[in-house]
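Enquirer: I would like the atomic coordinates for the input below:
(one chain, ligands or ions: 2)
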Amino acid sequence: MTKEEHVKHLLEDPVYAIMGNEELCLGRSNMDVAKELIAAGVTIIQYREKHKKWRAKYEETKAIAQLCHDHNVTFIMNDSTDLAIACGADGIHVGQDDAPAQIVRQLAGPDVFIGVSTNTIDEMKQALADGADYVGFGPMFPTQSKKDADEVVTPEAKAYALHYELPVVTIGGVSLENIRSLYDEGFRSFAMISAIVGQKDIKGAVEKIRQTLGC
Ligand code: TZP
Ligand code: MG
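Expert: Ligands and ions are numbered 1, 2, ... in the order given. Modelled structure (predicted):
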């Protein structure tokens, strides 16, 4: 798929699923979770695995990336540019402590789809200047899934995000109960861990989210 097609997934599909760290996935293996996400019709998957070593991540993401490609699903690697290149990921998602987007671009080339985690207006401005393709923005609500999460975003940052130049993927504490409120505020893309892979019935969870959003 081209980068434009990945952007299209982000613009047209509100559901952005983040997987990895088995304790966040009810102990299921990453491959099993990836299969369930694809069966649920998810079109964007980010692999965010903080516990395993490089080689183990490489072995499993080679297979998961291939599965995603076979199903036209955008596969994004969290944190690690070298792993993304090695496994053939479509995209790379970096945080404020990872390689800056412009370095990721130098290393991975013009076609790779790059996301940057942001919490403030300055971070959104910098992500744009660095050549990111989208930003993650949050936490929108308190979250249990990331121990060192930033403070919940300010109303000023939220207002800025709603008129920002790049696609904005909201993240952090997004749930079936509150997702509609974010949608009604104008947000259109939602990255979730606990609301999707933390649910026993992944397919059912995705369906309910889509119903709640009416798309
Ligand atoms: N980055 C900011 S908040 C967060 C990440 C990875 C955790 C999101 O998990 P959940 O369970 O959807 O709140
Ligand atoms: Mg990171």
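
Enquirer: Write out the residues of the protein neighbouring ligand 1.
Expert: 138-139, 143, 145-146, 149, 171-174, 192-195 (Cβ under 6 Å from any ligand atom). (C-beta placed from N, C-alpha, C; glycine too.)

Enquirer: Most neighbours among those, which one?
Expert: Ile171 (29 neighbours; other Cβ atoms under 10 Å).

Enquirer: could you redo the residues of the chain next to ligand 1 as CSV and give each row secondary structure, distance to Gln211 and pLDDT?
Expert: Formatted as CSV, those follow (DSSP: H, G, I helix; E, B strand; the rest coil; distance: Cβ to Cβ, whole Å; pLDDT from 0 to 100):
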residue, secondary structure, distance to Gln211, pLDDT
Gly138, coil, 23, 98
Pro139, coil, 24, 98
Thr143, coil, 23, 98
Ser145, coil, 23, 97
Lys146, coil, 27, 96
Ala149, coil, 28, 97
Ile171, strand, 21, 98
Gly172, coil, 22, 98
Gly173, coil, 20, 98
Val174, coil, 15, 98
Met192, strand, 15, 98
Ile193, coil, 20, 98
Ser194, coil, 19, 98
Ala195, coil, 13, 98
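
Enquirer: Need the max-distance pair from those residues.
Expert: The largest separation in these, counting by Cβ to Cβ, is between Ala149 and Ala195 at 15.4 Å.

Enquirer: can you list the residues of the chain near ligand 2?
Expert: Within the chain, the positions adjacent to ligand 2 are 79, 95, 98 by Cβ under 5 Å from the ion.

Enquirer: hey, where'd the helices end up in the protein?
Expert: 3-12, 30-39, 54-70, 81-87, 101-108, 121-129, 155-161, 179-185, 202-213 (DSSP state H).

Enquirer: mind giving me CSV with those helices and columns for mean pLDDT and mean neighbour count?
Expert: Putting the helices of the chain into CSV (pLDDT from 0 to 100; neighbours: other Cβ atoms under 10 Å) gives the following:
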stretch, mean pLDDT, mean neighbour count
helix 3-12, 94, 16
helix 30-39, 98, 20
helix 54-70, 98, 17
helix 81-87, 98, 19
helix 101-108, 98, 17
helix 121-129, 98, 17
helix 155-161, 98, 16
helix 179-185, 98, 15
helix 202-213, 98, 17
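
Enquirer: so can I have a markdown table of those showing distance to Glu23?
Expert: Shown next, in a markdown table, are the helices of the chain (distance: least, Cβ to Cβ, whole Å):
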| stretch | distance to Glu23 |
| --- | --- |
| helix 3-12 | 27 |
| helix 30-39 | 12 |
| helix 54-70 | 16 |
| helix 81-87 | 21 |
| helix 101-108 | 28 |
| helix 121-129 | 28 |
| helix 155-161 | 30 |
| helix 179-185 | 23 |
| helix 202-213 | 16 |
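
Enquirer: how many other residues sit next to the residue in the chain that ligand 2 sits nearest to?
Expert: Relative to ligand 2, the nearest point of the chain is Gly95 (3.3 Å; Cβ to the ion). Using other Cβ under 10 Å, Gly95 is surrounded by 18 other residues.
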